[in-house]
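1. how would this look folded up:
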Amino acid sequence: MRQKMGPAHWAGFVLILIWCLLPVAWIVSLSFKSIAETTVGSPQFLPKDATWDNYKTLLDYDNPAGHDFLLALRNSFGISIIEAHHSASARFFGCASGLMSPSSLPKKTYSARSSPISSA
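-> Numbering: from 1, shown residues only. Next up, the predicted model:
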């Protein structure tokens, strides 16, 4: 029977969720700051002047950094499509569906006298 989660479990779940998502939120916040704002003084979570310049630079194909990023993004997308296709076709044709699982292989039992390990 499934037990209900009490308040302590929910509190722990929320703390772990915050612990995991806070770095992602920090990186997103940094992406909207200017270079000068990221390097000056003590860090602040929210940018003073939010800017889209970092995204414009990153998605500009004529910029070397943008060109490299878009090329890497294209390669990653292509590999993920190929792997998804291979996974789906392997599942469809039975390679990953348990046809070669250990339970379907022939079994041989050994008695103590005929064990291949015994040296008698």
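
2. Could I get the average pLDDT for whichever strand or helix holds residue 80?
-> Under the criterion of DSSP states H and E, residue 80 resides in helix 64-93. For helix 64-93, the mean pLDDT works out to 88.

3. May I see the buried residues of that helix?
-> 66, 69 (16 or more other C-beta atoms under 10 Å). No exception for glycine: its C-beta is placed from N, CA and C like everyone else's.

4. elements contacting that helix?
-> For helix 64-93, the elements it packs on are helix 53-58, judged by 3 or more C-beta pairs under 8 Å, 6 or more residues apart in numbering; DSSP states H and E.

5. contact partners of the helix it packs on?
-> Contact with helix 53-58 is made by 31-32, 34, 63, 65-66, 69, as judged by C-beta atoms under 8 Å, 6 or more residues apart in numbering.

6. Nearest to the spatial middle of this structure, which residue is it?
-> In the chain, the residue lying closest to the centroid (C-alpha atoms, centre = their mean) is residue 80, at 12.2 Å.

7. Relative to residue 39, how far out is that residue?
-> From residue 80 across to residue 39, the span is 34 Å (C-beta to C-beta, to the nearest Å).

8. How far does the helix or strand of the chain with the lowest mean pLDDT sit from its chain's centre?
-> Every helix and strand of the chain was ranked by mean pLDDT, DSSP states H and E. The lowest is helix 35-39, at a mean of 86. Computed by C-alpha atoms, centre = their mean, to the nearest Å, the chain-centroid distance of helix 35-39 equals 29 Å.
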